[in-house]
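>>> model the following, please.
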Amino acid sequence: MTLDLVKRGQSLTITNIPDALIRAQAIRFGIAEGETVLCAEVVPAGPIVISKNKQEIALGRGLARQITVDLGR
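Below you'll find the predicted structure:
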């Protein structure tokens, strides 16, 4: 499942960030493979907001579509 398909309130683990450019963008946000985050909000036709360590990060749908996640870990 990709990050753009998650629902608000779901806990998820980042399992795969496919290429170096996307991985670099994600690392700038403090996100790496193996991290557990919480989906704080899904803005209709807008970004996915994830929460990690009391920090909220809004990711655009294009970037979120490239990040593979696992639910419920």
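
>>> C-alpha only now, for contacts and for neighbours.
Fine.

>>> where along this protein do the strands fall?
Secondary structure of the chain by DSSP state E: the strands cover 11-16, 36-42, 48-52, 55-59, 68-71.

>>> residues in contact with stretch 64-73?
For stretch 64-73, the external contacting residues (CA atoms under 8 Å, 6 or more residues apart in numbering) are 1-5, 10-18, 22, 36, 48.

>>> average pLDDT across that stretch?
On average, the pLDDT along stretch 64-73 is 86.

>>> list the buried residues of that stretch.
64, 66, 67, 68, 69, 70 (16 or more other CA atoms under 10 Å).

>>> separation between the second one and residue 47?
The one in question is residue 66. To residue 47, residue 66 is 13 Å away according to CA to CA, to the nearest Å.

>>> which among the strands of the chain is found nearest to residue 28?
Closest to residue 28 of those is strand 55-59 (CA to CA; 10.6 Å).

>>> same for the closest one, what does it pack against?
Judged by 3 or more CA pairs under 8 Å, 6 or more residues apart in numbering; DSSP states H and E, the packing partners of strand 55-59 are strand 48-52.

>>> who are the packing partners of the strand it packs on?
Partner elements for strand 48-52 (3+ CA pairs under 8 Å, 6+ apart): strand 36-42, strand 55-59.

>>> quick one, which of these gets closest to residue 29.
Closest approach to residue 29 among the helices and strands packed on strand 48-52 (CA to CA): strand 55-59, 7.0 Å.

>>> quick check: angle from the closest one to strand 36-42?
Interaxial angle of strand 55-59 relative to strand 36-42 (axes from the mean of the first three to the mean of the last three CA atoms, to 10 degrees): 60 degrees.
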